Each structure stands twice: as structure tokens, then as C-alpha cells.
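Asks: Model the structure of this input:
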Amino acid sequence: MILRTLLLLALALPALARPNIILFVTDDQSPIAGCYGSPLIQTPHLDQLASEGTLFTQAYATTASCSASRSVILTGLHNHANGQFGHTHHYHKFETFKNCAALSLPNQLKSLGYRTAHIGKYHVAPESVYAYDRFLREVGGGHNTPAWIESCKPLFEEESEQPFFLTFWTHDPHRSGGVVQSAPEELKPNRFGNPAVGRQYGDTKEVVYDPAEVPVPEWLPDTIECRREIAQYYQSCTRTDKALGALVAALKEAGQYDNTMIIYTADHGMAFPGAKTTVYEAGLHVPFVVKLPGASKTGVANDAMISHADITPTLLDAAGGYDAAKNAPKKLLPYAKVGRGENAGPKFQRYHGRSWLKLVGTTNTDGRDEVVASHTFHEIQMYYPMRAIRDRRYKLIWNIASPLPYPFASDLWAASTWQAQFRKGKDANYGNRSVDSYIHRPAFELYDLETDPAESKNLADDPAQAERLAAMKERLKAAQKETEDPWVMKWRYE
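Replies: Next comes the predicted model:
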């Protein structure tokens, strides 16, 4: 009865107040694009979207791990609280608490009358928390993302008074697809989902990059192994950009583009050691472009510090279902019913993130000058809890398990970029760090991101920074309490 009442109220709202919504999430992509100032990579469709929308320059994942990050995107709750501590698939078996169904994005939008659909990487559980009306088929295979649009067209073309919500989640530019066997070096670069040399997926033409020309970020080693992998990564990003172009074209053909809100982001940064599975900038800083029907201005760059925890409340706000005063859905859905001995998790009443809807089309930052990050697991064998707080200039990282060597994701350990340096010994450079300092980390890391954007000079033991360190520790502790982080108790005994 409650759901029916909500549906009738939602259908009565004016069409412009309830746009179609597409949440386009790529897999392991840093903000490397033309619209973010990259001089080489070809991303014409994202660049065009940015010219028609708002480009957020300071957008962050809250954790650089796939399942954990996606759970934050779709619940508005940090993964240390929602139970999605790490990967869902295979033997890892982490799952979101079932009570999160009460305020998850797909469930809430469905209750507001949206037709909900998902295509591509899912990577969260259980389905009761992340329930969609339909799951669309990946036409052309997992890496021919532009071909997926054929499965999306019926959703766009349906005659319905109800708007649609589509999560379009690519598998690229994640590491996958084997290695480039033709590379002359012993350590072969990963293909990042790209087809074999000289081939293409269906009608999707590949853009190939010269390893000699790709810029190497300061935090990575400038080696031929690294350059070859970056070139493959760029190729995968550009193919993904073609999918965005095909999606926009299909929306225009169906007459839906002008009334569709599009959010383009990534689950976290690029799949290289030093980025993915860390709380360093390269792991958390993500592309974030928003096109909103009726926005006051287009082609705007906004440097408000926003995070993935803000996505669910914002999209619920766009759909008319957000209570800003309570920072919660206007109506919580039923909590889970579980049997004796089962744990459905806390009964969350509000989001950890908050809506940035009013910032679209403006340069107003709304006082958003701080973000927090939380990582506990990637794969289940990779227990290494880290918490971080970052403001406009400084970042504090707390490595809760710092006596332990930093654990590697299996694909990052095997990466030729890493292995080429690891085989040289512990004193070999890895960007501005050494191999040994990357593996063995102190309890606290404090960085001045203005003077040290590559996070290579730890100031935590600098007496001149003692007051700042203490203050940031207290801010981090307060954020942990506010977001119901069980690891906050570690301050008392570790």
C-alpha cells in the first residue's frame, strides 16, 4: 500500500522535476581525459558532455576497490558501515547488509515510479538491496561496450509515463584480456580488455597509442613496461568513451536526451600499483561529469569536494524523493526480515553523503572542502584497513595494520609495471617512492598536496607539523564516529 501511494505521488510530479537518469560508471578510470587537461588521450564524447554540463574537478571515490565502492555509490553509506567490506564474487563473499535496502538508490527510485535497469558489471550483493526491474544483455560481449547500446534502446523507446533509471557500468578499463604477447620485453603488458593487436570488437574501431608518447604520472616509474601498460589503458579508455557517444546518440534518436540526467564517473582510479586499492590520490580521484536538464549554465567547472557517498542522495533529490533536512529518503522502505541468528545490519535512518544537486551549473562549492576515505579489504586475503581525511591542501592517512606488509591485489602484483621494479630490489624506485616504502608503510602518513601532489614526502614525523597532525587525527576520528565505523575503536588500543 505504501509503495503504491509513493508511485502515484511520483507519477503526479511534473516531468522536468523527474528526469530520466543514467549513471555511467567505468571500471578503474582516473580523471585522464581531454576535459581534464590530458594532451593526448582521445575522449571526445566525455569532452562534449562536459561542455553541456558540469565538470567536477575534485570528485573522489571513498574506497579504491570495486565492490566496496559500488556499494557506496548505490547506498550513500560508507562501506565500513554498510557491510560491503570487500569483493562480492567468488570466495570473497562480502555482502551489503540487507537493511540497506531501505534507502538504496535502485530500490528508492523504483518506489518513486522509475523503470529501473542495469547493464554491465554489477559486483554487489545481495540483490534484495540492489533490485532492478531488469538486467540488460551485454550485446557484443563484455568489452565491446558501444554495442551494448542495442540492449538499451528499448528502454529509451518505450512509451511510458514513468521515467527510467539506467546504471550503465562498463568492464573497461579494468585489467583483463591477457597480455600483449608481441611486446619484446620479458614482462608483457596487460591488454586492459583490448582486442589482440590489429583486431577490433565488431564494428568498434580501436584507437591505438604509442608507448613512447604517453605521459607517465609522477607516482609511476617511467619505464618501458609502464609505458606499454599506460598505452593499453588509454586505448581501453577511448573505447569506453565511444560507448558514451553511442549512448548519447541513442538518447537523441529516441527523443530522450533533453530530459535525461547523465552522470559519468568511475568506481575508483586506474588499475596500477599506487592507485587502485590505496587511499592515495591516484586511487581516489575520479572523473565526474554531470549533465542535468534545466541547469542554469553549461560548460561549468566546479571544484567542490564531493564523493561517491553523495551520489545516492543527489539522484534521489533529482527524482523528488530526498528530504534535505533529514538527509534521508522522504520515505524509508521496509527493513529486512531475518531469522534467528542472522544479521541484517543496522537500521540506517540517513545517508552519510549529501546532495550536490544545487551545485550543478554553478561554481558554488557550498563549503565542501573535505572528504574522507575508507578501505578495509579488496580480495579477502588483503586485510589492510586504511582511513584517510583530505582537505584542500593536506591529507592524513591512518594505516591501521601498518606493521603488516601492504597486500597486493592479484592482478596488480602480476602487473609488468610493478614486477619490472620489484625484481630490481627493495631500493628500486617506484615513482617517487621505493619498492620497499610502498610495501612497508608507517602508521600515519601526512602529505602537503600543494607542494607534493605525488604524496612522496611524509610529514607525519615533522615536528613543525605536530599540531596539524593532531588536529587531523581528531577530525578523522570524528568522521569515523559520524559514519559508524567499527574500526574507530582501534584508536583506543592500536
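
Asks: And the helices in this protein, which stretches?
Replies: Under the criterion DSSP state H, helices of the chain are mapped to 2-12, 44-51, 66-75, 79-82, 105-111, 149-157, 224-253, 281-284, 311-318, 410-414, 416-422, 435-439, 466-482, 490-493.

Asks: residues near Pro31, how many?
Replies: 22 (other Cβ atoms under 10 Å). For glycine as for every other residue, the C-beta is placed from the backbone atoms N, C-alpha and C.

Asks: Now it: closest residue in space that isn't a chain neighbour?
Replies: Of all residues not flanking Pro31 in the chain, Pro287 sits nearest, at 4.3 Å (Cβ to Cβ, 6 or more residues apart in numbering).

Asks: For Leu316, give me its contacts.
Replies: The neighbours of Leu316, taking Cβ atoms under 8 Å, 6 or more residues apart in numbering as the test, are 105, 108-109, 322, 329, 355.

Asks: try it again with 10 Å
Replies: The neighbourhood of Leu316, defined by Cβ atoms under 10 Å, 6 or more residues apart in numbering, consists of 21, 76, 103, 105, 108-109, 112, 322-323, 328-330, 351, 355, 357.

Asks: can you map out the strands along the stretch 301-450 of the chain?
Replies: Counting by DSSP state E, counting those that start in this stretch, one finds strands in the stretch 301-450 of the chain at the ranges 322-323, 328-329, 370-375, 386-391, 394-399, 429-430, 433-434, 444-448.

Asks: closest to Arg227 out of these?
Replies: Put simply, out of the strands of the stretch 301-450 of the chain the one that sits nearest Arg227 is strand 429-430, at 14.7 Å, with distance taken as Cβ to Cβ.

Asks: ok, that closest one: who's next to it in the sheet?
Replies: The sheet places strand 429-430 alongside strand 433-434 (antiparallel), with pairing taken from DSSP bridges.

Asks: Output stretch 93-105 as CSV, restricted to C-alpha atoms.
Replies: This file holds the C-alpha atoms of stretch 93-105, laid out as CSV (Å, rounded to 0.1, in the frame of the first residue of the first chain):
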residue,chain,number,x,y,z
LYS,A,93,31.7,-13.4,-0.3
PHE,A,94,31.3,-9.9,1.2
GLU,A,95,27.7,-8.6,1.1
THR,A,96,25.9,-5.4,1.9
PHE,A,97,23.7,-5.5,5.0
LYS,A,98,20.2,-6.3,3.9
ASN,A,99,18.7,-3.4,5.9
CYS,A,100,20.4,-1.1,3.4
ALA,A,101,17.5,-2.0,1.0
ALA,A,102,15.5,0.6,2.9
LEU,A,103,17.4,3.5,1.3
SER,A,104,19.4,2.1,-1.6
LEU,A,105,19.2,4.0,-4.9
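
Asks: just how off-centre is it within its chain?
Replies: Going by Cα atoms, centre = their mean, to the nearest Å, the spacing between the C-alpha centre of stretch 93-105 and its chain's C-alpha centre is 18 Å.

Asks: buried ones in that stretch?
Replies: Of the residues in stretch 93-105, those scored as buried under the neighbour-count criterion (16 or more other Cβ atoms under 10 Å) are 94-105.

Asks: Keep only those of those residues that are in strands.
Replies: When the buried residues of stretch 93-105 are checked against strands (DSSP state E), there are no matches.

Asks: Looking at the residues you listed, which is nearest Arg441?
Replies: Each of the buried residues of stretch 93-105 was scored against Arg441 by Cβ to Cβ, and Phe94 proved nearest at 23.4 Å.

Asks: What separation do you get for Glu159 and Arg115?
Replies: Distance of Glu159 to Arg115, given as Cβ to Cβ, to the nearest Å: 12 Å.

Asks: does the residue nearest to Pro31 really touch Ile32, like I thought?
Replies: Yes. With the criterion set as Cβ atoms under 10 Å, Pro287 and Ile32 qualify as a contacting pair; they are 7.9 Å apart.

Asks: Now for those two: what residues contact both?
Replies: Joint contacts of Pro287 and Ile32 (Cβ under 10 Å, 6+ apart) are 43, 237, 269.

Asks: Quick check on those: which are buried?
Replies: In these, the ones that pass as buried (16+ other Cβ under 10 Å) are 43, 237, 269.

Asks: Could you let me know which of those residues ends up closest to Thr417?
Replies: Within the set of these, Gly269 lies nearest Thr417; the separation is 14.2 Å, counting by Cβ to Cβ.

Asks: ok, that closest one - contacts?
Replies: Taking Cβ under 10 Å, 6+ apart as the definition, contacts of Gly269 comprise 28-32, 60-61, 64, 275-278, 280-287.

Asks: For ChimeraX, write the select line for the buried members of those residues.
Replies: Command for ChimeraX, covering only those of the contacts of Gly269 found buried under the criterion 16+ other Cβ under 10 Å:
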select :28,29,30,31,32,60,61,64,275,276,277,278,280,281,282,283,284,285,286,287
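
Asks: when you check the contacts of Gly269 against the strands, which ones overlap?
Replies: Those of the contacts of Gly269 mapping onto strands are Tyr60, per DSSP E.

Asks: what pLDDT does the residue nearest to Gln232 when sequence neighbours are not counted get?
Replies: Once its chain neighbours are removed from consideration, Gln232 has its nearest residue in Phe192; the separation is 4.5 Å (Cβ to Cβ, 6+ apart). Predicted confidence (pLDDT) for Phe192: 98.

Asks: try the one 5 residues further on
Replies: Val197 is assigned a predicted lDDT (pLDDT) of 93.
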